[in-house]
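Asker: 3D model of this:
(one chain, ligands or ions: 1)
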Amino acid sequence: MKFDIVTIFPKMVEAPLAEGIVGRAIERQLLDIRVHDLREFTTDRHRVVDDMPFGGGPGMVMKPEPLFKAVEKIAAERGRPGAVVLTSPDGPALTHATAERLRDLGHIVILCGRYEGVDERVRAHLATEEISIGDYVLSGGELPALVIVDAVARLVPGVVGDEQSVVRDTFATGLLDFPQYTRPAEFNGMAVPPVLLSGHHAEIERWRRREALRRTLERRPDLLTDATLSPDDRALLEELRRARPERSASE
Ligand code: J9Q
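Answerer: Next comes the predicted model:
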């Protein structure tokens, strides 16, 4: 899978990519990630990448020419990408389904926007889509670009060592995770649920499924509409709903 990231802060993006699962996958050549310094695509002495907004007002706007030049060079040297993503708080929020779709494209360019804005012609004629990572203000699109790379890269076969854990992940299964414990079996008077120490695998699986359903019902009931639920799951859920303590308005 190829990624090309265009940014005015290449070091901010390069350093995290060298670590962890993504760093390992780059070493193993499962991921081919290039980071491009936007200033390399300017033509003036001061390497200016932004300018004052037409019509006046505060702040600066990212100029279109360096961004268009960067994408042209990437397309010429690395092939035409399947998507040119602009990180932006105005786009639809990143989901697991978005990450799967981007993975299937095989090659994506990510343009890191700055907080104050990007010339509209970049959105309209260069980017093929905008993606937000959530409703909060950031200084720029570098952290969103890293989030997108991480979420997409994990779905590339071989990147995560344990393929089983990828298909069991929350947003792949549509349910939150069940509670996990490790040794010691008792810590400061807090015991691990005895079923997990019992060795009864069928019972353990049933307990885990119930706890995943309980957690999802409690914390993210919105996820239950799209989750794939067996008749057994639906029965468990009904039981949990009946047993659930009523909550007052203040809780
Ligand atoms: C570029 N706030 O915020 C949330 N998702 C993306 C962003 C963002 C931002 C500023 C610049 C992206």
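Asker: list, one by one, the residues from this structure near the ligand.
Answerer: For the chain, the residues in contact with the ligand (CB under 6 Å from any ligand atom) are 87-89, 113, 115, 132-134, 137-138, 140-141, 144. Yep, even glycine has a C-beta here, placed from its N, CA and C like the rest.
Asker: a markdown table please, covering the residues you listed and showing pLDDT.
Answerer: Putting these into a markdown table (pLDDT from 0 to 100) gives the following:
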| residue | pLDDT |
| --- | --- |
| 87 | 98 |
| 88 | 97 |
| 89 | 96 |
| 113 | 92 |
| 115 | 76 |
| 132 | 98 |
| 133 | 98 |
| 134 | 98 |
| 137 | 94 |
| 138 | 96 |
| 140 | 97 |
| 141 | 98 |
| 144 | 98 |
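Asker: out of the residues you listed, who has the most neighbours?
Answerer: Neighbour counts for those peak at residue 141, which has 32 neighbours (criterion: other CB atoms under 10 Å).
Asker: that residue against residue 113, yeah?
Answerer: Yes. Shown here, residue 141 and residue 113 form a contact pair, counting by CB atoms under 8 Å, at 4.3 Å.
Asker: find residues that contact each of these two.
Answerer: 86, 87, 88 (CB atoms under 8 Å, 6 or more residues apart in numbering).
Asker: next step: those restricted to strands.
Answerer: Among those, DSSP state E puts 86, 87 in strands.
Asker: quick check, nearest of the shared contacts of residue 141 and residue 113 to the ligand?
Answerer: residue 87 (4.3 Å; CB to the nearest ligand atom).
Asker: that closest one: what's its closest spatial neighbour, skipping adjacent residues?
Answerer: Spatial nearest neighbour of residue 87, excluding adjacent residues (CB to CB, 6 or more residues apart in numbering): residue 141 at 3.1 Å.
Asker: ok, residue 68 next?
Answerer: Spatial nearest neighbour of residue 68, chain neighbours left out: residue 126 (5.8 Å); criterion: CB to CB, 6+ apart.
Asker: kindly report the same for residue 166.
Answerer: Take residue 166 and drop its neighbours on the chain: the residue closest to it by CB to CB, 6+ apart is residue 160, 5.0 Å away.
Asker: quick check: phi and psi on that neighbour?
Answerer: When read as degrees, to the nearest 10, the backbone of residue 160 gives phi -90, psi 130.
Asker: and for residue 237?
Answerer: Dihedral angles (degrees, to the nearest 10) for residue 237: phi -60, psi -40.
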